[in-house]
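Chemist: compute the structure for the input listed below.
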Amino acid sequence: MVQNLSTQDLQDIDAKHHLHPFTDHAELHQQGSRVIVRAEGSWLWDSDGNRLLDGMAGLWCVNVGHGRHEIAEAVRRQMLELSYSNTFFKTTHPPAVMLSQELAKLAPGDLNHVFFTNSGSEANDTVFRMVRHYWDTLGKPDKKIIIGRKNAYHGSTLAGVSLGGMAGMHAQGDLPVPGVHHIAQPYWFDEGGDMTPDEFGLWAAGELERAIDQLGEDNVAAFIAEPIQGAGGVIIPPATYWPEISRICAEREILLAVDEVICGFGRLGTWFGTDYFDLKPDLMPIAKGLSSGYLPIGGVMIADHLADTLINQGGEFAHGFTYSGHPAACAAALENLRILQTEKIVERTGRDTAPYLARKWAELADHPLVGEARSAGLVAAIELVPDQSSRRRFDGECAVGAKCRDLSFANGLIMRAVGDTMIISPPLTIRHEEIDELVNLATKTLDDTMVELKSNGTMAA
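Modeler: Predicted coordinates for the structure are as follows:
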């Protein structure tokens, strides 16, 4: 049926019936949706036959690349055997059992338990409720406040938005909910001022201790943060940041929740961002790379001491989802993890493709439009600036990042804009020659953007 529809037909139907996430629909209807019809490896094709290099691995998630027949076959087999069974009412099924065991093997430290969800947003909602239930169980009901970071992203559900620190999201719906406090992010390029990165890292981490003192340690339940902020603009904290955060949480009886929804399952060239930064979280939300996006699944990895308290003292935890541990989604995740392990994709990322991308990406720092080019693993960012001699930004009304993003798509590269920060997060299976093409297309896009900025007077000719 779809084969008989033109791009215009699909766009018209889409405009009539489909409300997209994070979208200005008036603008979308004016321009028409981009219709993606096929994918293979690191590449996508639209309905007009244009080929695009998937520089964002979908939404940070297609770690093993597109078109993996093994995952499709694993899902097919599972759906024919057991298409659905819930995990409520003292019930389980083999895919959920085996996936929980595999995750306990892969997760760092004593994160030996998992609560399954369907997304990262739901995982962070689970963190919100589980943290409060934990302290209630220990007879410390005043420990309710969860501290997050400004400009952080932990999903778009009610608790996820609240834990995150994006002001534009909070403005819609009178958020955050009570009991969430936000501190500064470790974003040296934008907010470091005259401090060195190491000085700024210590200052930003110190904001957590100052917040605990202000709010009262007996009232603070947990601190939540991504190892590297993804949707905030690939913000890689200075080396001094995480050791100090870890010390503060350990000394001040504050649970540490490390949001691995983006960094988990190989993105940084290690299995988890907690491995990359040597962290010991009490809770670890996961999703995205867990199934490489082939089916929706997420979860929260939970440390033994916390799980033991909930199991032995907590009674019923009145929380869960119809599709928690869905059999087909678990089958997809198990096969995805098998591919990551047998093909040694995580190890190759850390040893080979990430260092190669780092060398090639760093070359973009020489472009006159770029103030900084940074990367960690297979995630990277460039800061667009009018003058390389300072970290000054363009006037916000110029929307330089949005212009650059549109030109990037036109050039055949999916690169995302976060304000005037351009970010990438390609599949972990990307090859050297594809990295070369990615950087070449990014360079062309920067050149095209500068031509447009000079032509409209945003930059001096």
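Chemist: so which residues of the stretch 101-250 of the chain form strands?
Modeler: 111-117, 145-149, 180-183, 220-225 (DSSP state E, counting those that start in this stretch).
Chemist: distance to G298 and mean neighbour count added to the ones you listed, as CSV?
Modeler: In short, each C-beta sits where N, CA and C put it, glycine included. Below are the strands of the stretch 101-250 of the chain laid out as CSV (distance: least, C-beta to C-beta, whole Å; neighbours: other C-beta atoms under 10 Å):
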stretch, distance to G298, mean neighbour count
strand 111-117, 4, 24
strand 145-149, 18, 24
strand 180-183, 20, 20
strand 220-225, 15, 25
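Chemist: to K105, which of those lies closest?
Modeler: strand 111-117 (9.1 Å; C-beta to C-beta).
Chemist: list the strands paired with that closest one, with their directions.
Modeler: In the sheet, strand 111-117 lines up against strand 298-303 (antiparallel) (DSSP bridges).
Chemist: least confident secondary structure element in the protein?
Modeler: helix 25-31 (a mean of 92; mean pLDDT, DSSP states H and E).
Chemist: on that earlier part again, dump the strands of the stretch 101-250 of the chain to a markdown table, plus distance to G41 and mean pLDDT.
Modeler: As requested, the strands of the stretch 101-250 of the chain are exported to a markdown table (distance: least, C-beta to C-beta, whole Å; pLDDT from 0 to 100):
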| stretch | distance to G41 | mean pLDDT |
| --- | --- | --- |
| strand 111-117 | 29 | 98 |
| strand 145-149 | 35 | 98 |
| strand 180-183 | 39 | 98 |
| strand 220-225 | 32 | 98 |
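Chemist: want to throw these into TSV with distance to Q78?
Modeler: Below are these laid out as TSV (distance: least, C-beta to C-beta, whole Å):
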stretch	distance to Q78
strand 111-117	15
strand 145-149	36
strand 180-183	38
strand 220-225	33
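Chemist: ok so, going back, so which bits of the least confident helix or strand of the chain are buried?
Modeler: Judged by neighbour count using 16 or more other C-beta atoms under 10 Å, the buried positions of helix 25-31 are L28.
Chemist: for that helix, which outside residues touch it?
Modeler: A15, L19, H20 (C-beta atoms under 8 Å, 6 or more residues apart in numbering).
Chemist: cool, stretch 431-449 as well?
Modeler: Outside stretch 431-449, the residues that touch it by C-beta under 8 Å, 6+ apart are 42, 53, 55, 353, 356-357, 360-361, 363-364, 367, 369-370, 382, 384, 400, 403-404, 407-408, 411-413, 415, 422, 424, 426, 430.
Chemist: where does pLDDT dip in the stretch 51-200 of the chain?
Modeler: Along the stretch 51-200 of the chain, the model assigns pLDDT under 70 to no residue.
Chemist: helices of that one, start to end?
Modeler: In chain order, the stretch 51-200 of the chain shows helices spanning 57-60, 69-81, 94-106, 120-137, 158-163, 167-170, 188-191, 197-215, with DSSP state H, counting those that start in this stretch as the criterion.
Chemist: got the angle between the longest one and strand 220-225?
Modeler: Interaxial angle of helix 197-215 relative to strand 220-225 (axes from the mean of the first three to the mean of the last three C-alpha atoms, to 10 degrees): 150 degrees.
Chemist: domain parsing for the protein?
Modeler: Domain assignment for the chain, taken from automatic domain parsing, gives 34-64+344-455, 70-342.
Chemist: filter the contacts of stretch 431-449 down to the buried ones.
Modeler: 42, 53, 55, 353, 356-357, 360-361, 364, 367, 369-370, 382, 384, 400, 403-404, 407-408, 411-413, 415, 422, 424, 426, 430.
Chemist: could you tell me which of these belong to strands?
Modeler: Residues of the buried ones among the contacts of stretch 431-449 located in strands (DSSP state E): L53, V370, I382, L384, M422, I424.
Chemist: tell me the contacts of the first one?
Modeler: Okay, so that is L53. L53 makes contact with S42, W43, G412, L413, I414, P426, E434, E437, L438, L441 under the criterion C-beta under 8 Å, 6+ apart.
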